[in-house]
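Colleague: got a sequence here, can you model it:
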Amino acid sequence: MAIELRHLLEETSHMPIRPAAGEGGLDHLVFWAHIIEGPEAVPYLESGELAITTGAAMSENVSERLPAFVEEVYKRDAAGILINIGPFIREIPQPVLDFCNANEFPLFTFPWEIHISELMQIFCFALARDKQRGSETIGAMKSAILFPEQKELYTVALSQADFQADWNYAAIVICLPDGYDEKQLSLLSLRLDNYLQHNHRNSIAFSLEDELVVVVGNMEEKKLPSFVEIIRSFLSSFYSSLSYTIGVGQLMPSVQNISKSYSQARQIATLHAQDRIRPDLIFYSDMGIYKLLMCIDDEDVLREYYDQTIRPLMDYDEKNNINLTQVVDSYLTHNGSVNEVAQELYLHRNTINYRIKRAEEVLQMNLSHHDARFRLRMGFLIRDMLRQE
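Modeller: Residues are numbered from 1 along each chain as shown. So this is what the prediction gives:
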């Protein structure tokens, strides 16, 4: 796990550590802290580490050597740098400040009286604590989703992380576009988790396979929409070009029901990814008749209904290279208006009438009857559900 730099530095709020430049990068994630005393040690710096230096190895010509040193630390993708103001570095040269501001690379200063060992102890303890909390809690939350019947895998661990068993819980699933690799997804989940911790502490974000999952507990149903907007705001602010679909499961009583909420959220997000439902339908509570279909655990029941309704049209279209399925779907959507179907599909109304008649023959149904239309509409909804595979 990792902590945003701004929040890690809150651990030292009792110390005179001052921002000097690059405050636009305070959202950088810190994975560890590392003491770097000279250019020769910079290659050992890892991405996301916080560099700390007294400049002991640059005591001569520091005004000339420090700019190059800070630039090299920046190139290593460090989270930021803390510079000790003392006998080795008495002030920060202006070129260093300009570089950090231009690149939003956070630079902080601290006085000689603060021992680096004390800073390292504070930072590393906070990061280790966060890492332990994150790995154990995420592992338990994944177990609650994947193995809900095996309570011993998650109830104790979640309780120790202050996710109480008798709270209500909702899962939120975010489906990302193809090509968003595991490393990118992991970084996104870390950033989102840090962001949410300072908006609603009883929540956690993590990656599960190729999805981003958020679980929130101890929340009133009326506040869930605003919580989802916080997630949307984060994604828009930090990943403005990211396309995604989102689904929100039902608030369920007790930790044992997280799996049900997750399943609902995942189905909704997947339906959106396939552009099968209206963009505004993201909450399970708003899903209408889809809720009934989501509750059917036996997929064979859904397939049998699909085979008896829509499947004959699909097979006929494939065999004859025609679009009866699309015409019937549009016909049902427009409540039997041939003119509206013709306008949508850019076909002559006589063509629509002919294909509706042909579809009735294939299906052995009269599409002017309400019962037939209802059966087919259910068939199309089930087709959408089965397309999630």
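
Colleague: where exactly do the helices run in the stretch 151-300 of the chain?
Modeller: 155-160, 182-197, 224-238, 258-273, 290-294, 299-309 (DSSP state H, counting those that start in this stretch).

Colleague: so which of those helices is the most packed in?
Modeller: Comparing these by mean neighbour count (mean count of other C-beta atoms under 10 Å), helix 258-273 ranks first with a mean of 23. The way it works is simple: take the backbone N, C-alpha and C, and place the C-beta from them, glycine included.

Colleague: which strands and helices lie in contact with that one?
Modeller: helix 116-146, strand 168-175, strand 211-217, strand 245-248, strand 252-253, helix 290-294, helix 370-386 (3 or more C-beta pairs under 8 Å, 6 or more residues apart in numbering; DSSP states H and E).

Colleague: helices or strands up against the second one?
Modeller: For strand 168-175, the contact count by 3+ C-beta pairs under 8 Å, 6+ apart identifies strand 211-217, helix 224-238, strand 245-248, strand 252-253, helix 258-273 as packing neighbours.

Colleague: what's the third one in contact with?
Modeller: What that stands for is strand 245-248. 170-175, 224, 228, 231-232, 264-273, 282-284 (C-beta atoms under 8 Å, 6 or more residues apart in numbering).

Colleague: state the mean pLDDT of that strand.
Modeller: Mean pLDDT, strand 245-248: 94.

Colleague: low-confidence regions, this structure specifically.
Modeller: Low-confidence segments of the chain, defined by pLDDT under 70: 1, 59, 179, 198, 295, 297, 387-389.

Colleague: and the residue nearest the centre of the chain, how far from A165?
Modeller: For the chain, L212 is the residue whose C-alpha lies nearest the centre (C-alpha atoms, centre = their mean; 3.7 Å). From L212 over to A165 the distance is 25 Å, taken as C-beta to C-beta, to the nearest Å.

Colleague: kindly report the same for L313.
Modeller: From L313 over to A165 the distance is 48 Å, taken as C-beta to C-beta.

Colleague: which one of the two has more residues nearby?
Modeller: L313 (24 against 15; other C-beta atoms under 10 Å).

Colleague: what sits against the more buried one?
Modeller: Taking C-beta under 8 Å, 6+ apart as the test, what L313 contacts is L324, T325, V328, A359, V362, L363.

Colleague: which of these sits closest to P43?
Modeller: Nearest to P43 among these, counting by C-beta to C-beta, is T325 at 60.9 Å.

Colleague: what does the host helix or strand of the closest one rub up against?
Modeller: Here T325 sits within helix 324-333, counting by DSSP states H and E. Residues from elsewhere that reach helix 324-333, judged by C-beta under 8 Å, 6+ apart: 310, 313-314, 316-317, 338, 340-341, 344-345, 347, 352, 355-356, 358-359, 362, 367, 373, 376-377, 380.

Colleague: quick check on these: which are buried?
Modeller: Among the contacts of helix 324-333, those buried by neighbour count (16 or more other C-beta atoms under 10 Å) are 310, 313, 316-317, 338, 340-341, 344-345, 347, 352, 355-356, 358-359, 362, 367, 373, 376-377, 380.

Colleague: name all residues that make contact with the closest residue to L176 other than its chain neighbours.
Modeller: If the residues on either side of it in the chain are set aside, L176 comes closest to Y244, at 5.4 Å by C-beta to C-beta, 6 or more residues apart in numbering. Neighbouring residues of Y244 by C-beta under 8 Å, 6+ apart: I174, C175, L176, P177, L212, L235.

Colleague: ok, what's across the strand from the second one?
Modeller: Each beta-bridge partner of C175 is listed here: E211, T245, as defined by DSSP bridges.
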